[in-house]
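Participant: Let me see the structure of the following:
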Amino acid sequence: MDRIPILAAEGREASHLAVRLDTPDGDAETPFCFLYLHGFGSTQSGEKADFFRGRAVEAGFAFCSFDFQGHGQSGGALRNLSLTRNLEDIGRVQAWLRERGHERLCLLGSSMGGGSALWYSALHPEAILAGLHIAPALALDRALLDWAGPERRRRWEETGTVRFQNDLVETDLDWSLIEDLRRYPVDDLLTRYRTPALLLQGRRDTSVPWRGVADFVARCAFTGIDLHLFADGDHRLTDRKERLWSLMLEFLRGRGILEAP
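Facilitator: Next comes the predicted model:
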């Protein structure tokens, strides 16, 4: 595991990112690299990340993953989560990869990581070859406010913090998360997005509604987005990892991003 320092204005280390890079047979010059972006409350060592890492390296590609700040072995507090911070973290890791010769980057995001990846690609269209995203969280602010309900939402806004808990994490979240997410409306993403992408979504997903993802694909001005809908799939889709990987490679080869075997 490597460490990317995040420096404060005074030049001291304020935080850090825990990052892992795997290459086939130790070949550090492999230009094409998958960058995995995990979901809210998860880490880079989750089941899907480990599976895709193994498959990518076996196929001759580099694979990088990291923990967003506030997660896993990275620094920072989860309560200070924001999309802006996530985007800055992705940028730091991309710069770190470029220094190591990995110029051709494909983002592979899950849930929050998928939503962050879509925004990063939209803001840096020249930097990303393609996106492969499982249940991308496109409306995290709406999901959090629905979870809170009217009364808890009012207290959250008034006090500036709320206690959040699900099956993965229990943490305080600052109201600034909602304010930051509102700076990134889906309508803006619809007009700005220009990167080939495959979105993989389960209809039984109770965290990211499939209709919202399908609506994004249908309304996006860019027509290079494919959607694969699993009729009986849940949010994580961990029970069909082989199928996900097969669809991802098929998409990249069909778009000419990877050569056919």
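Participant: and residue 41, what pLDDT?
Facilitator: The model reports residue 41 with a pLDDT of 93.
Participant: I meant to write residue 255 there.
Facilitator: pLDDT for residue 255: 96.
Participant: same thing with residue 27?
Facilitator: We have a pLDDT of 60 for residue 27.
Participant: just the strands in the stretch 51-200 of the chain please.
Facilitator: With DSSP state E, counting those that start in this stretch as the criterion, the stretch 51-200 of the chain has strands at 62-66, 104-110, 130-134, 161-165, 170-174, 197-202.
Participant: what's the angle between the fourth one and strand 170-174?
Facilitator: Per axes from the mean of the first three to the mean of the last three Cα atoms, to 10 degrees, the angle that strand 161-165 makes with strand 170-174 is 150 degrees.
Participant: If you count neighbours, what's buried in strand 161-165?
Facilitator: Residues 162, 164 are the ones in strand 161-165 that count as buried (16 or more other Cβ atoms under 10 Å). The way it works is simple: take the backbone N, C-alpha and C, and place the C-beta from them, glycine included.
Participant: can I get the strands of the stretch 51-200 of the chain in TSV with distance to residue 15 and mean pLDDT?
Facilitator: Putting those into TSV (distance: least, Cβ to Cβ, whole Å; pLDDT from 0 to 100) gives the following:
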stretch	distance to residue 15	mean pLDDT
strand 62-66	12	97
strand 104-110	21	97
strand 130-134	26	98
strand 161-165	20	96
strand 170-174	16	96
strand 197-202	29	98
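Participant: Need the ones you listed in TSV (columns: distance to residue 141).
Facilitator: Formatted as TSV, the strands of the stretch 51-200 of the chain follow (distance: least, Cβ to Cβ, whole Å):
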stretch	distance to residue 141
strand 62-66	24
strand 104-110	18
strand 130-134	18
strand 161-165	13
strand 170-174	11
strand 197-202	19
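Participant: So for residue 30, which of those sits nearest?
Facilitator: Proximity to residue 30 (Cβ to Cβ) singles out strand 62-66 among the strands of the stretch 51-200 of the chain, at 4.5 Å.
Participant: List the strands paired with that closest one, with their directions.
Facilitator: The strands beside strand 62-66 in its sheet (DSSP bridges) come out as strand 13-22 (antiparallel), strand 32-37 (parallel).
Participant: what's the closest non-adjacent residue to the residue positioned nearest the centre of the chain?
Facilitator: A centroid search over the chain (Cα atoms, centre = their mean) returns residue 113, at 1.7 Å, as the residue closest to the centre. Distance criterion Cβ to Cβ, 6 or more residues apart in numbering; nearest residue to residue 113, sequence neighbours excluded, is residue 37 at 3.0 Å.
Participant: and the one you found, how far is that from residue 19?
Facilitator: For residue 37, the distance to residue 19 equals 12 Å [Cβ to Cβ, to the nearest Å].
Participant: ok so residue 222 is a strand residue?
Facilitator: No: assignment of residue 222 by DSSP: H, G, I helix; E, B strand; the rest coil gives coil, placing it outside any strand.
Participant: low-scoring pLDDT stretches of the stretch 1-150 of the chain, where are they?
Facilitator: Scanning the stretch 1-150 of the chain for pLDDT under 70 picks out the ranges 26-29.
Participant: change it to 80
Facilitator: 9-11, 26-30 (pLDDT under 80).
Participant: Sketch out the helices for it, chain order is fine.
Facilitator: Using DSSP state H, counting those that start in this stretch, the helices of the stretch 1-150 of the chain run over residues 47-58, 83-99, 112-123, 140-159.
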